[in-house]
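A.B. asks: show me how the following folds:
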Amino acid sequence: MSLCHVDNDHDHGYVMHMPRSCVGTTQVYTVSCDRTSDWISEFRAPFIHYTYVVGSCNGLLCLYDYWKYNYNVHFWNPSIRKFKSLPTASIILSNTLSLGFAYDSQNDYKLVKVEWPICPSPTLLPVPPPEFEVYSLSSDSWRKVEFGISWRPNIWYYSINYNSPFPFAGGHLHFMVGTIRETGQQEMHTREMILSFDVNSEKIEDLLVPDDDSFKEGSSYGKHLTLFKGKLALIKDHSFQPCGYGHSIWVMMDYGVCKSWNKLFSVTIERPNVDGYVRFNGFTKYGSLLIQQNLGLIYNGKFKIENKFILFDPKTLHHKDISIQFKYPSNLVSLYVATYLESLALHDVENVVSY
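C.D. replies: Below you'll find the model as predicted:
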């Protein structure tokens, strides 16, 4: 999951959280230094269910709380020990769900909910586009948003990268969509597209991915949207190499101009071991990449996963092991990260809970 930054010049910390799935287990959030990722402090959430961080804006964290096929979303300001649970939006349980969180320039916080069908049969063409709903903190309500762009009629399956956050750049939240479409004679082609959601106007647009053959190769699951020093960026996973995993990092230098995609780096990340894999958690404000290495190990005949966290500079190739900084059980594998700063957000909002 990539790191989400607030657009100002102050130095911030990061909130790092590994959800604990045990019922009744207090969720612990660690605050670390922005530049070095050194441990600063920690605080406990006022929720006991499985939660993860959707995003952060101006000291306000958005958390997703999933339990028994139901979901709840909370806006939480740990600085003033207050939270607000959002009213539940309409939801179709057979669909897949993704969430994005951002601050609108009209002094409002918005949560975007995206749903799409799960792998229907090709005989049911055309597959409908994703459905959008937006929650506004100022009105404390949800509303549906028209999709508003053309949708190919021959798409029979698509998915949205719900395992990563929706990066916020140029006033837009961004979604990576991977599609499989029928082209005749039982041929199937894959294609990636980027949907951007204008947080102010609530309009949806389609951005093109880099026009490069090396980028177009491979599955959409190997392409990750993120931010690099405030700009929209893409990380492309290449095939496994003898010394590790190859990755290219693309940045949209001029927002909204698709010809401005520029490949800044090509890097190789060492594979931790035969059964391990690498996961990107995004870039820090200063351009370092936070990497999570999952090591597959055998203890007493049982398979176990241990985590190692590395701060990696793709320009100098310098890396720093920061695993010891964080007090997480080694068998938990999902790390969620967001910016953190102290603020008074939520202090004058109705229907908040103090704890």
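A.B. asks: was I right to think N77 contacts Y340?
C.D. replies: No. Contact criterion CB atoms under 8 Å: N77 and Y340 do not qualify, at 10.5 Å. Placement of C-beta: from N, CA and C, glycine included.
A.B. asks: quickly list what's touching both of these two.
C.D. replies: Each of G59, L61 lies in contact with both N77 and Y340 under the rule CB atoms under 8 Å, 6 or more residues apart in numbering.
A.B. asks: who's more crowded, these two?
C.D. replies: Y340 (24 against 21; other CB atoms under 10 Å).
A.B. asks: ok, for the more buried one, nearest residue in space, not its chain neighbours?
C.D. replies: Closest residue to Y340 apart from its sequence neighbours, by CB to CB, 6 or more residues apart in numbering: V15 at 4.3 Å.
A.B. asks: tell me the secondary structure for that neighbour?
C.D. replies: Counting by DSSP: H, G, I helix; E, B strand; the rest coil, the backbone at V15 sits in strand.
A.B. asks: tell me which helix or strand K110 sits in.
C.D. replies: Assigned by DSSP states H and E, K110 falls within strand 108-117.
A.B. asks: pLDDT on that strand, on average?
C.D. replies: For strand 108-117, mean pLDDT is 89.
A.B. asks: partner strands of the helix or strand that comes right after it and their direction?
C.D. replies: Per DSSP H and E, the first helix or strand lying C-terminal to strand 108-117 is strand 131-136. Sheet pairing here is set by DSSP bridges, and for strand 131-136 it gives strand 108-117 (antiparallel), strand 141-145 (antiparallel).
A.B. asks: deepest in the core, which of these is it.
C.D. replies: strand 108-117 (a mean of 20; mean count of other CB atoms under 10 Å).
A.B. asks: output that one in CSV with nothing but the alpha carbons.
C.D. replies: Below are the C-alpha coordinates for strand 108-117, written out as CSV (Å, rounded to 0.1, in the frame of the first residue of the first chain):
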residue,chain,number,x,y,z
ASP,A,108,-14.8,18.9,2.9
TYR,A,109,-13.6,15.3,3.4
LYS,A,110,-14.9,12.7,0.9
LEU,A,111,-14.9,9.0,0.7
VAL,A,112,-15.3,7.3,-2.7
LYS,A,113,-16.8,3.8,-2.9
VAL,A,114,-16.3,1.8,-6.0
GLU,A,115,-18.0,-1.6,-6.7
TRP,A,116,-17.7,-3.9,-9.7
PRO,A,117,-19.1,-7.3,-10.6
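A.B. asks: number of residues surrounding G171?
C.D. replies: Residue crowding around G171 was assessed by other CB under 10 Å; the count is 17.
A.B. asks: shouldn't it be in contact with S196?
C.D. replies: No. Counting by CB under 8 Å, G171 does not reach S196; the two are 9.3 Å apart.
A.B. asks: where does this protein have its least confident helix or strand?
C.D. replies: helix 213-216 (a mean of 66; mean pLDDT, DSSP states H and E).
A.B. asks: which helix or strand lies directly C-terminal to it?
C.D. replies: Sequence-wise, the next helix or strand downstream of helix 213-216 (DSSP H and E) is strand 223-228.
A.B. asks: mean confidence score for stretch 136-147?
C.D. replies: Mean pLDDT, computed over stretch 136-147, is 93.
A.B. asks: out of the strands paired with strand 131-136, the one nearest V353 is which?
C.D. replies: Between V353 and the strands paired with strand 131-136, the shortest separation by CB to CB is 16.7 Å, and it involves strand 108-117.
A.B. asks: please name the bridge partners of F101.
C.D. replies: L111.
A.B. asks: wait, it touches K110, no?
C.D. replies: Yes. The criterion here is CB under 8 Å, and F101 meets it with K110 at 7.5 Å.
A.B. asks: would S139 count as being in a helix?
C.D. replies: No. Applying three-state DSSP, one finds S139 to be coil, outside a helix.
A.B. asks: show me what contacts N262?
C.D. replies: If you count contacts by CB under 8 Å, 6+ apart, N262 has them with W250, V251, M252, M253.
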